[in-house]
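Q: 3D model of this:
(one chain, ligands or ions: 3)
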Amino acid sequence: MYKIAVLPGDGIGVEIVPEALKVLQAIALRFGYEFEFNEALIGGAAYDAVGHPLPAETLDTCRNSDAVLLGAIGGPKWDKLPVQLRPEVGALLPLRKELGLFANLRPSVLFPGLVHASTLKEEVIDGVDIMVIRELTGGLYFGEKKREQTSDGGQKATDILSYSTFEIERIVRFAYEVARKRGKKLCSVDKANVLESSRLWRETVNKLARDYPDVETSHMYVDNCSMQLIRNPRQFDVIVTENMFGDILTDEASMLTGSIGMLPSASIGGEVGLYEPSHGSAPDIAGQKKANPLATILSAAMMLRYSFDLEEEARLIEQAVRTVMEEGYRTPDLMEEGKTLLNTEEIGDLVAAKIRIL
Ligand SMILES: NC(=O)c1ccc[n+]([C@@H]2O[C@H](COP(=O)([O-])OP(=O)(O)OC[C@H]3O[C@@H](n4cnc5c(N)ncnc54)[C@H](O)[C@@H]3O)[C@@H](O)[C@H]2O)c1
Ligand SMILES: CC(C)[C@H](C(=O)O)[C@@H](O)C(=O)O
Ligand SMILES: [Mg+2]
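A: Ligands and ions are numbered 1, 2, ... in the order given. Take a look at the predicted model:
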């Protein structure tokens, strides 16, 4: 039996998470497993209910589980709260930090059926398969932050960006191990022409490169990388980068797959793995059954792979998603002429049905 903490969160989080549970149930039935789902509050929903976006019971539920499935958090309703109570800073970041989840894997894979759903040309994106590995518990997100008054009556705001050798080595080694099992190419992305933290990052990568002669190592500045991802994404196999660069580059990389609604993520390396789509709570479409649940469903596949070591089952979920896309069923974010428009639940139903018959 696998115990899964389920944190739907805010906005479309409450619409997409049930679809992933449906798919996990289909896996449980087909393979004879039992998944115990323990739902807990997080984000704005938790703040509204109990006055804090990350209640202690939620953290306990996560710690007492084999994996965590999260929808999304945040939204305009909570944007004006004091910063420590905002869902992003008060819940998501401490959850990642508390659980020690330093490695965030965001695979950008184009399913063949979606080659025309992207805003980019077929000849550029056909066959894209990139794994972005984002450092998740350091950098600007967790550095000291302060606000001061200045003598001219204005204010000064500071966010510190720092990385230690230990933190860099940990994520870069992790990325090399992943690259070794894939296309054996690692591109480290930094801003070493300007930032001291990036210079330490690059030096550390160069030192570790000696331990991985079978992997081709390259370095790229983050501004160039953001351009190269659109110019020629197939040049990349594994990208490793610091926290904020990884946040931004993965939203960009999501468009190689057709939609941000296709980009799953796994945050691992700590006590218990956390699986969540890379996108947010999408307040603009929340409550309308328009959300694409596939990033969450694919995150559940990553849970089976990385937390439970159920590779065959993970692949079956990915195959089910691929088949539903090839058959032309779409949520609005992926809609093209001649395809069939479905809502969030209908797409989830179809994927679960494929799990039963594939
Ligand atoms: N991990 C998280 O929980 C997470 C991640 C990013 C943003 N956020 C939060 O979410 C809120 C909204 O942020 P945002 O608007 O910048 O980013 P967002 O990712 O929520 O939405 C950006 C755009 O993508 C669309 N989109 C996102 N997910 C989709 C899906 N599954 N299907 C179809 N369309 C989808 C949205 O409709 C919107 O137009 C903010 O409060 C932000 O802090 C949370
Ligand atoms: C909501 C926010 C704190 C979060 C991040 O920046 O890590 C999100 O954008 C993500 O990509 O998971
Ligand atoms: Mg982000």
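
Q: Pro112: neighbouring residues, count only.
A: Neighbour count of Pro112, defined by other Cβ atoms under 10 Å: 10. In this view, the C-beta of every residue, glycine as well, is placed from N, C-alpha and C.

Q: Next one, pLDDT for it please.
A: Note on Pro112: pLDDT of 92.

Q: Okay, the residue lying closest to it once chain neighbours are set aside and ligand 1: tell me how far apart.
A: In space, and not counting its chain neighbours, Pro112 is closest to Glu326: 6.7 Å by Cβ to Cβ, 6 or more residues apart in numbering. Separation of Glu326 from ligand 1 (Cβ to the nearest ligand atom, to the nearest Å) stands at 19 Å.

Q: how far away is whichever residue of the stretch 1-150 of the chain sits closest to ligand 2 from Val128?
A: Relative to ligand 2, the nearest point of the stretch 1-150 of the chain is Glu88 (3.9 Å; Cβ to the nearest ligand atom). Separation of Glu88 from Val128 (Cβ to Cβ, to the nearest Å): 29 Å.

Q: If you count surrounding residues, which of these two has more?
A: It is Val128, of Glu88 and Val128, that has more neighbours when counted by other Cβ under 10 Å, with 19 against 16.

Q: Pretty sure the more buried one sits against Val109.
A: Yes - with contact defined as Cβ atoms under 8 Å, Val128 reaches Val109; the gap is 6.8 Å.

Q: Need the overlap of contacts for these two.
A: Residues within reach of Val128 and of Val109 at once, by Cβ atoms under 8 Å, 6 or more residues apart in numbering, are Thr257.

Q: tell me the SS of the closest residue to ligand 1 within the stretch 201-350 of the chain?
A: Across the stretch 201-350 of the chain, no residue is closer to ligand 1 than Gly280, which sits at 2.4 Å (Cβ to the nearest ligand atom). Under DSSP: H, G, I helix; E, B strand; the rest coil, the three-state class of Gly280 is coil.

Q: what about the nearest residue to it once chain neighbours are set aside, how many residues close to it?
A: Excluding the flanking residues, the one nearest Gly280 by Cβ to Cβ, 6+ apart is Ala72, at 5.1 Å. Using other Cβ under 10 Å, Ala72 is surrounded by 32 other residues.

Q: Now do stretch 142-162, average pLDDT.
A: On average, stretch 142-162 scores 98.

Q: just stretch 246-261 next, same as before
A: 97.

Q: do the same with stretch 190-207
A: 98.

Q: Repeat that for stretch 73-90.
A: So the average pLDDT for stretch 73-90 ends up being 98.

Q: Next, the buried residues of that stretch.
A: Of the residues in stretch 73-90, 73-75, 78, 85-90 count as buried by neighbour count, 16 or more other Cβ atoms under 10 Å.

Q: Please narrow those to those residing in helices.
A: Members of these lying in helices (criterion: DSSP state H): Pro87.

Q: got JSON lines for the buried residues of stretch 73-90, with distance to Arg322 too?
A: Below are the buried residues of stretch 73-90 laid out as JSON lines (distance: Cβ to Cβ, whole Å):
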{"residue": "Ile73", "distance to Arg322": "29"}
{"residue": "Gly74", "distance to Arg322": "30"}
{"residue": "Gly75", "distance to Arg322": "32"}
{"residue": "Trp78", "distance to Arg322": "36"}
{"residue": "Leu85", "distance to Arg322": "41"}
{"residue": "Arg86", "distance to Arg322": "37"}
{"residue": "Pro87", "distance to Arg322": "33"}
{"residue": "Glu88", "distance to Arg322": "32"}
{"residue": "Val89", "distance to Arg322": "37"}
{"residue": "Gly90", "distance to Arg322": "37"}
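
Q: Tell me how far the host helix or strand of Ser108 lies from the chain's centre.
A: Element membership of Ser108, judged by DSSP states H and E, is strand 103-109. Here strand 103-109 is found 6 Å from its chain centre; the criterion is Cα atoms, centre = their mean, to the nearest Å.

Q: go on, stretch 95-108?
A: 8 Å.

Q: what does stretch 334-350 give?
A: 22 Å.

Q: Endpoints of it, how far apart?
A: Terminal residues of stretch 334-350 are spaced 16 Å apart (Cα to Cα, to the nearest Å).

Q: Going by neighbour count, which residues of that stretch are buried?
A: Buried residues in stretch 334-350 (16+ other Cβ under 10 Å): 334, 339, 342-344, 346-350.

Q: Is ligand 1 within reach of stretch 351-358?
A: No - using Cβ under 6 Å from any ligand atom, stretch 351-358 stays clear of ligand 1, with a minimum separation of 14.0 Å.

Q: helix or strand for the residue of the stretch 101-250 of the chain found nearest ligand 2, which one?
A: Proximity of the stretch 101-250 of the chain to ligand 2 (Cβ to the nearest ligand atom) peaks at Asp247, 4.2 Å away. Applying DSSP H and E as the criterion places Asp247 in helix 243-254.
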